[in-house]
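Enquirer: Just need the structure, nothing else, for what follows:
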Amino acid sequence: LFGDTKRYSGQIEEYLPLENKMLEIMVALGIYLAEQNMPFTAYYSQGKTVSKRVNGVREFNEYYENVSRIIYSDTEDVAGVMHELMAKGAFSNCKVAFGIIHEMNQDIMEMTEQLSQSGILVVLYVVTEEKYEDYIKLNNERRNIITVPVNAELEGRL
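Expert: Next comes the predicted model:
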């Protein structure tokens, strides 16, 4: 599970709902995986890459506490963190890679294509008001891009 921690706006009324929705998705995915006894590792950046392994429900509270302390920063480099994780083989033992990001770009598409070509199912949740139709058209059996509007309910979307 990869969480984007880049702050995309200087306006609190813009960044706060967006960041809250991204954290909500990280928590919702985390609790789902933990309840299904599916171990996962969450990655995000806080000036340096942070990883948190969760092996089950008993470890979820610590994960939740870590997620609740995430600080978003305009100096974070989403693509750079993903490149670093891929270079270190962070996703090499994964069957599914979940990403929670704010915006799509060609760099992210290329990296997710590499992951999917290596046999990993990639699911990207893009928290945005943009439609990203051109990217969504590239969905296939190994990569699924799902846009989540900032004010949308998560039920039925994840």
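Enquirer: Glu19: what's it in contact with?
Expert: Applying Cβ atoms under 8 Å, 6 or more residues apart in numbering to Glu19 gives the contacts 7, 72. All C-beta atoms are positioned from the backbone trio N, CA, C, and that covers glycine.
Enquirer: so where does Thr112 fall, helix or strand?
Expert: Thr112 belongs to helix 106-117 when assigned by DSSP states H and E.
Enquirer: Longest helix in this structure, please.
Expert: The residue-count maximum for a helix in the chain (DSSP state H) belongs to helix 12-35.
Enquirer: In that helix, which residues are buried?
Expert: In terms of neighbour count (16 or more other Cβ atoms under 10 Å), helix 12-35 has its buried residues at 15, 18-19, 21-30, 33-34.
Enquirer: Next: stretch 81-99.
Expert: Neighbour-count burial for stretch 81-99 flags 81-82, 85-86, 90-91, 94, 97-99 (criterion: 16+ other Cβ under 10 Å).
Enquirer: ok, and for stretch 110-124, which residues are buried?
Expert: 111-112, 115-116, 120, 122-124.
Enquirer: distance between it and the chain's centre?
Expert: Mean-position distance between stretch 110-124 and its chain equals 13 Å (Cα atoms, centre = their mean, to the nearest Å).
Enquirer: Contacts for that stretch, please.
Expert: By Cβ under 8 Å, 6+ apart, stretch 110-124 touches 79, 82-83, 86, 91-92, 94-99, 101, 104, 108, 140, 142-146.
Enquirer: How about stretch 143-153?
Expert: With Cβ under 8 Å, 6+ apart as the criterion, stretch 143-153 contacts 17-18, 21, 25, 104, 112-113, 115-116, 121-132, 135-136, 138-139, 154, 157.
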